[in-house]
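1. Predicted structure and sequence below. I'll ask about it afterward.
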Amino acid sequence: MRVKAIWQYGKVYIILLIGLIILSVIGWRAMGQQSFVRTALSGLTLGALYFMVAAGLTIIFGLMDVLNFAHGAMFMIGAYAGWQFYTNPTFLFGLAPLVLALVAGIVVTPLIQPLAMRWAVPARWQRTLRAVVIVVAVILIIVALLGLDVRGLAKTAMVATMVDPLAEATPQEPLAVFWKRPLLFFLAGLLIALAQARPGDRTQVIRSGAAPRAIVALVGFVLLTVAATLTRESGAISVLKMNADARFFLSLAAGALIGAGIGAAIEISLVRPLYVRPTFLILATMGLSFVLRELTQLLWDPLPYAMSRPPLFSQPGKAASILEWFSKHTLTVEIMGVTFPSYRLFIIALGLAMFILLMLVMNYSRLGMTIRAGVQDRDMVEALGINVRRVFTLVFALGAGLAALGGIGAAPFAPVEPVMGDRFQMQGFITVVIGGMGSYSGAAIGALLLGLARAFGDFLALKFSLTPAVSEASTVIIMALVLLLRPAGLFGKKE
Amino acid sequence: MDAILQVENIHTFIGQFHILQDVSLTVERGSITVLLGRNGAGKTTTLKSILGLTPPSEGRVIFDGQDIRGRRAFEIAAMGIGYVPEHRAIFRDLTVAENLKIAERRRGDLDRKADFIFGLFPDLKRLYRLPGNHLSGGQQQMLAIARALVPDNKLLLIDEPSNGLAPVLIEQMMEAIRGLSATTTVLLVEQNFIMASQLAQAYYILDDGKTVHSGAMADLVKDKALIHRYLGAVGESVGGER
């Protein structure tokens, strides 16, 4: 009885585990320990990165039925943001005040809503009025950026060398010239807030408690804007003076936060109005990914950049074991008879840590509980008094943040380039299909399978001098096999 | 007379379909009111329209003195309306404990109400750590009702609680709902006329998306012709099997 129950709920795991063990034994015998371990570790590295892309995709799809084609772009943006922050954060510090000022303007919506809705705007003009206000806001933003050398700021990291990072820190505009820009951005934010308040639309409900929260947010963001404006130069320099390892971990955090912030902004502005039109949503997110790719190309040229590894993973020599690496921080580590780059082991660890963190969040937090419930029945969650729309924004931000984190993790060993997201996005989608839409543990297993298949495929291709297309085909073959046997994916509930 | 809910001439469209075409009803505080009618008469849509899950395009919905039409479902629910949907829509991937926990509106709601809930449904205490998909149909229905009891709701909308349950369980369900009405108000949708007639004090009959009849339950039970006309086979099962 008990055995039967275990089989019932764990058969997918059991079959996969047995299959992997059999394949490992065959591989070990046929390839020899060295090549086997090296290939398996490479596969795990890839798998960890695929997981970080796929985890967000699968949760977003499971909860909101949105296929986010801009997810790869989030990965790419994460890589760029992390690379910028690590090599030379002048660009990020230069633009931070503008973004913060814009947000400070937008958060006042609940404050002007009670006034705006009382305006006597005829019903047929309301939509036009909102559009006009938005256009004016965009014009204000363009005016605010006039004369600001954005590309110059972006260039700083491109030419930076790790020998003397401070040498390339481009000075920012003096405050006497700069102060107008955040102000204009703030005004643009206010206009967007006005449009959001839907002037003349009396059917709106004013939520109690929204106004005090808006005041707190406004004060907070204004203070942040002022602080960011004043520390544009000193902030960047103090980051560069920091210990490089600390800066690396900070850049992981900064990249993930920037990714999450952009994710939230995308959800609110682009995805939210289109939930009722899923086809449009695919086109919109796909279009957005093109825009973001071209934008990075405009700023940083269509060139691949290499982010240098932090000293923690780049001391010359080889550690005899992982334990020894903790004291020596060498470039490579000897592991089961194989010399392997320590940074790749870090990526495997990062992927594993993300999986554990996600598992904890999904199983033990209120947000995770709400997501699991919402995957099954959104209306019922709403009927319990939970603001599902806000959960959507959070989940979108969480997914984008995870993808961005994967991007920074990848940056020190994969080239940072505008098209890097597209490759990982494709793999991410296949991972999600294999694992089952909406299941994060499915995404983990799928990522593991794909990563291993890719690495072993590459090994076979090299050994028998086949074309590298073999390893690329392996991905699709696995997907086809899984879909033949389980059309909903390994752990999928939705089809 | 003190009405907690007044629905005045609401119209609801789902896609192209004009499902509710002028529904009005009043629910007195502390009472059990039942919505009767054939399948497809608009009973479930009426509950969903009150809650804002399928927002009415016309009319007024006044709950506790405020017009709530056009508000979003979560805002309406948070004002104190609990919803028990048909087909025992509990969250199958969540444990019984989580199914109750997620319904908390304030921290500690569940701790405060635990004794009351387990008093009504002792089974749930035993099943507390099990996932929802391990529960039987009757246990799921109890959980669905229990979930609506976790926060302090002023009004419960309960959709076909007896649907697909064994007679013994229907008895238990009736006892539980009667127990509830001591502390809250219930608007019930029920096809099982025996259950409806024994529980409710007031009734509304819906037909083709309109309220066609209403009154005190005691009067309806006597009016066999009316029952037959609007409830058909369902009404005939008075005293019969289910």
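-> Great, that's in hand.

2. Strands of chain B, residue ranges please.
-> Using DSSP state E, the strands of chain B run over B:3-14, B:17-28, B:32-36, B:58-63, B:66-67, B:81-84, B:155-159, B:185-189, B:202-207, B:210-216.

3. among these, which is the most enclosed?
-> Ranked by average neighbour count under the criterion mean count of other C-beta atoms under 10 Å in any protein chain shown, the strands of chain B are headed by strand B:81-84 at a mean of 28. Quick note: C-beta positions are derived from backbone N, CA and C, even for glycine.

4. Report pLDDT for the nearest residue to A:Phe429 once chain neighbours are set aside.
-> Closest residue to A:Phe429 apart from its sequence neighbours, by C-beta to C-beta, 6 or more residues apart in numbering or on different chains: A:Leu57 at 6.7 Å. pLDDT recorded at A:Leu57 is 91.

5. Can you tell me how far A:Leu485 is from B:Tyr83?
-> Per C-beta to C-beta, to the nearest Å, A:Leu485 is found 39 Å from B:Tyr83.

6. closest one to chain A among the strands of chain B?
-> The minimum distance between chain A and the strands of chain B falls on strand B:81-84, with 4.3 Å, by C-beta to the nearest C-beta.

7. Just want the residue of chain A that's nearest chain B.
-> Nearest residue of chain A to chain B: A:Gly385, at 3.8 Å (C-beta to the nearest C-beta).

8. which SSE is that residue in?
-> Under the criterion DSSP states H and E, no helix or strand holds A:Gly385.

9. got the contact list for it?
-> A:Gly385 makes contacts with B:Phe74, B:Ala77, B:Ala78, B:Arg105, B:Pro151, as judged by C-beta atoms under 8 Å, 6 or more residues apart in numbering or on different chains.

10. Let's have the strands of chain B in a markdown table, adding distance to A:Val333 and mean pLDDT.
-> Below are the strands of chain B laid out as a markdown table (distance: least, C-beta to C-beta, whole Å; pLDDT from 0 to 100):
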| stretch | distance to A:Val333 | mean pLDDT |
| --- | --- | --- |
| strand B:3-14 | 61 | 86 |
| strand B:17-28 | 66 | 88 |
| strand B:32-36 | 70 | 89 |
| strand B:58-63 | 65 | 88 |
| strand B:66-67 | 66 | 84 |
| strand B:81-84 | 57 | 92 |
| strand B:155-159 | 61 | 90 |
| strand B:185-189 | 66 | 90 |
| strand B:202-207 | 72 | 88 |
| strand B:210-216 | 76 | 84 |
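
11. Which one of those lies nearest to A:Pro110?
-> When the strands of chain B are compared by C-beta to C-beta, strand B:66-67 sits nearest A:Pro110, at 19.2 Å.

12. what does the closest one rub up against?
-> B:Arg60, B:Val61, B:Met79.

13. Name every strand pairing with it and say which way it goes.
-> strand B:58-63 (antiparallel) (DSSP bridges).

14. Kindly calculate the angle that the strand it pairs with makes with strand B:155-159.
-> Using axes from the mean of the first three to the mean of the last three C-alpha atoms, to 10 degrees, one finds that strand B:58-63 and strand B:155-159 are set 120 degrees apart in direction.

15. wait, isn't B:Met80 in contact with B:Ala148?
-> Not Met; residue B:80 is Gly. No. Here B:Gly80 lies out of contact with B:Ala148, judged by C-beta atoms under 8 Å, at a distance of 11.0 Å.

16. which of these two has more neighbours?
-> Applying other C-beta atoms under 10 Å in any protein chain shown to B:Gly80 and B:Ala148 shows that B:Ala148 carries more neighbours, namely 23 against 19.

17. Do you have the helices of chain B handy? List them.
-> Counting by DSSP state H, one finds helices in chain B at the ranges B:43-51, B:73-78, B:96-101, B:109-120, B:122-126, B:137-149, B:167-180, B:193-199, B:217-222, B:224-236.

18. Spell out for me which residue occupies the centre of chain B.
-> B:Ile158 (1.4 Å; C-alpha atoms, centre = their mean).

19. for the closest residue to that one other than its chain neighbours, what are its contacts?
-> The shortest distance from B:Ile158 to any residue other than its chain neighbours is 4.4 Å, reached at B:Val84 (C-beta to C-beta, 6+ apart). Residues near B:Val84 by C-beta under 8 Å, 6+ apart: B:Ala144, B:Ile145, B:Arg147, B:Ala148, B:Leu156, B:Leu157, B:Ile158, B:Asp159, B:Pro161.

20. For A:Leu405, state which of these is nearest.
-> Nearest member of the contacts of B:Val84 to A:Leu405, counting by C-beta to C-beta, is B:Arg147, at 35.5 Å.

21. Pull up the residues of chain B that are close to chain A.
-> B:51, B:53, B:70-75, B:77-78, B:83, B:85, B:89, B:91-94, B:98, B:101-103, B:105, B:147, B:151 (C-beta under 8 Å from any C-beta of the partner chain).

22. quick revisit: out of the contacts of A:Gly385, which is most surrounded?
-> B:Ala77 (27 neighbours).

23. which intervals of chain B have sub-threshold pLDDT?
-> Applying pLDDT under 70 to chain B flags the ranges B:1, B:232-242.

24. Now a PyMOL select for only the buried ones of the residues of chain B next to chain A.
-> Buried residues among the residues of chain B next to chain A (16 or more other C-beta atoms under 10 Å in any protein chain shown), as a PyMOL selection:
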select buried, chain B and resi 51+53+71+72+73+74+77+78+83+85+89+91+92+93+94+98+101+102+103+147+151
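
25. Show me what counts as buried in stretch A:423-435.
-> So for stretch A:423-435, counting by 16+ other C-beta under 10 Å, buried means A:Phe424, A:Gln425, A:Gln427, A:Gly428, A:Phe429, A:Ile430, A:Thr431, A:Val432, A:Val433, A:Ile434, A:Gly435.

26. Closest one of those to A:Pro122?
-> Checking the buried residues of stretch A:423-435 one by one against A:Pro122 (C-beta to C-beta), the nearest turns out to be A:Gln425, at 45.2 Å.

27. Quick one: low-confidence residue ranges for chain A.
-> Using pLDDT under 70, the flagged stretches of chain A are A:1-2, A:159-170, A:203-208, A:493-495.

28. near chain B, which residues of it show up?
-> A:203, A:205, A:207, A:366, A:369-370, A:372-373, A:375-377, A:379-388.

29. Can you tell me which of those are buried?
-> The neighbour count (16+ other C-beta under 10 Å) marks A:369-370, A:372-373, A:375-376, A:379-388 as buried among those.

30. and the longest helix seen in chain A, which residues are buried?
-> Counting residues, the longest helix in chain A under DSSP H turns out to be helix A:33-64. Buried residues in helix A:33-64, counting neighbours by 16+ other C-beta under 10 Å, are found at A:35-64.
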